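In: what follows is a protein structure lacking sequence information:
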């Protein structure tokens, strides 16, 4: 019997790849990730570099329906270090819950996600 990840998301996710620039709160510079999935409430980024749960970040990414990047603040809420332990086809990475997003960016993100349906 495989271990499944407990579902705690409040919004549906779309499997989509976007390049994300993460500005860490410590001022160490930018880190670049690729997403595995995206929702209006958060994003899962693929990475072997794993931050700590609770770490806060500022993220920036482009959507194909906009000429301006989406800016969000987020918090690491899940880490997948050894994906095979879940018996799923996952990659190492982090689930980041959006904690702050300006209204215009939220509307653009929701519009983009609806266009994926």
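Out: Thanks, I have the structure now. Just so we're clear, the structure is a prediction, and the values are computed from it rather than from any experiment.
In: nearest residue to the middle of the protein?
Out: residue 43 (1.8 Å; Cα atoms, centre = their mean).
In: ok, the helix or strand harbouring that one: who's next to it in the sheet?
Out: In the assignment (DSSP states H and E), residue 43 maps to strand 42-46. Looking at strand 42-46 with DSSP bridges, its partner strands are strand 30-38 (antiparallel), strand 93-101 (antiparallel).
In: could the ones you listed go into JSON lines alongside mean neighbour count?
Out: Using the backbone N, CA and C atoms, a C-beta is placed for each residue, glycine as well. As requested, the strands paired with strand 42-46 are exported to JSON lines (neighbours: other Cβ atoms under 10 Å):
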{"stretch": "strand 30-38", "mean neighbour count": "17"}
{"stretch": "strand 93-101", "mean neighbour count": "20"}
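In: closest one to residue 115 among those?
Out: strand 30-38 (12.4 Å; Cβ to Cβ).
In: let me see the ranges of the helices in the chain.
Out: Here the chain has its helices, by DSSP state H, at 103-115.
In: would you mark the buried spots in the strand ranked longest in it?
Out: Using DSSP state E to define each element, the chain has its longest strand at strand 70-80. The neighbour-count check on strand 70-80 (16 or more other Cβ atoms under 10 Å) flags 70-77, 80 as buried.
In: mind picking the two most distant members of these?
Out: 71 and 80 (25.0 Å).
In: how far off strand 70-80 does the strand holding residue 43 point, in degrees?
Out: 60 degrees (axes from the mean of the first three to the mean of the last three Cα atoms, to 10 degrees).
In: pLDDT of strand 42-46, averaged?
Out: Strand 42-46 shows a mean pLDDT of 90.
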